[in-house]
Every structure is written in C-alpha cells, then in structure tokens.
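Enquirer: give me the fold of what follows.
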Amino acid sequence: MQNDGSEWDITIPAFFVTQKFGRTLKNQNEDVRLSIGWVVDDTYLPDLPKLELWVSSTDSLLPKEQKSLAYMLAQSADLFDFELHIQSSSCKFCSTAFKQKYCISDGKYCLVDDENGRQKLIESLQHVCLLKVEGTKSYSDFLTLYQSQCANKDG
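Expert: Numbers count the residues shown, from 1 in each chain. The predicted structure is shown next:
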C-alpha cells in the first residue's frame, strides 16, 4: 500500500471481495486505489469499549506516533474510552539518592530507564492527569498543539 500522505502507516495484508468485483479489479489496466471505511454502531453497547495505551513514559512516543495518536483520538474520541498508562517499577527500599533521581512517592513509582527518570515520570503523570480531567478531545488537542508549537524546538 502506498503512502497517501496522511501519515498513517497502516498496512492491510488482505481483505475479501466478491468474485465479480475481484474480476473487475483484475481487468483494470491502471492502478486501483480502494478506500475502506467502517461505521461503529454503539447504540447497543452499555459502556464504551476501552482503548488502553501503555508506555514507559510519554516522551517515549516518537513525534510521528504522537501525531498519529492525536489524529486518531480526534477522529474517534466519542467511540471509546481512552486510557493512558505509565509503566513504572517500585523501589521502596532503595537509597534516598536513588529515589530522588528516579522515583516519586518515596519509591512507590520509579522510572529507571533514563537519566532523568523522576522528571519524565512527573511529566508522564501530567499527561495522564490532563486526559482524566479534561477528556480525550482535549488531550488530542494538547498533543496536536504540542507537536506544532513545542516539539523539536530549542529553548
């Protein structure tokens, strides 16, 4: 599948069509582009389905991934309940110096994968808080604004 410029790197390995339609496609003398869409009828669902994203920290999402996530959330915010989770470890018995560098809540939550673990953990929790307090649409707006005005800029 060619990139259509939407920055969505989606590959669809196969899909089914009727034999008649397949023959029509096969007999075309030029490239054929198909668009596939779907409609979600959520009237029968008592609760919205959950979509959970687990990351080590929010800055572990590459800019392209953040842009794709923001677009997807903006397009379908009312179709599911989005939850952002931050993976962390605990180290209640570690030294005070270690906890000050990598942890919050006296070692209950630690991010040791990075030199700035504590700061990245705090920033990631701010993302979770924004999502919980303001909702999926506002979080999507924040990601879009951050990508356009703050990402990869000095100072």
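Enquirer: flag every buried residue along the longest helix along the chain.
Expert: Of all segments of type helix in the chain, defined using DSSP state H, the longest is helix 117-134. Residues 117-121, 124-125, 127, 131 are the ones in helix 117-134 that count as buried (16 or more other CB atoms under 10 Å). C-beta: built from backbone N, CA, C; applies to glycine.
Enquirer: could you do stretch 68-81 as well?
Expert: Buried residues in stretch 68-81 (16+ other CB under 10 Å): 68-71, 73, 77, 80.
Enquirer: pLDDT weak spots in this structure?
Expert: Within the chain, the stretches with pLDDT under 70 are 1-16, 32, 34-46, 58-63, 151-155.
Enquirer: ok, which stretches of it are helices?
Expert: 19-26, 63-76, 96-102, 117-134, 136-149.
Enquirer: in JSON lines: those helices, plus distance to His85.
Expert: JSON lines is the format used below for the helices of the chain (distance: least, CB to CB, whole Å):
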{"stretch": "helix 19-26", "distance to His85": "42"}
{"stretch": "helix 63-76", "distance to His85": "14"}
{"stretch": "helix 96-102", "distance to His85": "19"}
{"stretch": "helix 117-134", "distance to His85": "8"}
{"stretch": "helix 136-149", "distance to His85": "14"}
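Enquirer: apart from its chain neighbours, what residue comes closest to Lys137?
Expert: Ala77 (4.7 Å; CB to CB, 6 or more residues apart in numbering).
Enquirer: touching, the one you found and Glu134? I think so.
Expert: No - taking contacts as CB atoms under 8 Å, Ala77 lies outside contact range of Glu134: 11.4 Å.
Enquirer: give the contact list for the residue lying closest to Val128 once chain neighbours are set aside.
Expert: Using CB to CB, 6+ apart and skipping the chain neighbours, the partner closest in space to Val128 is Leu84 (5.3 Å). The neighbours of Leu84, taking CB atoms under 8 Å, 6 or more residues apart in numbering as the test, are 52-53, 55, 58, 127-128, 131, 139.
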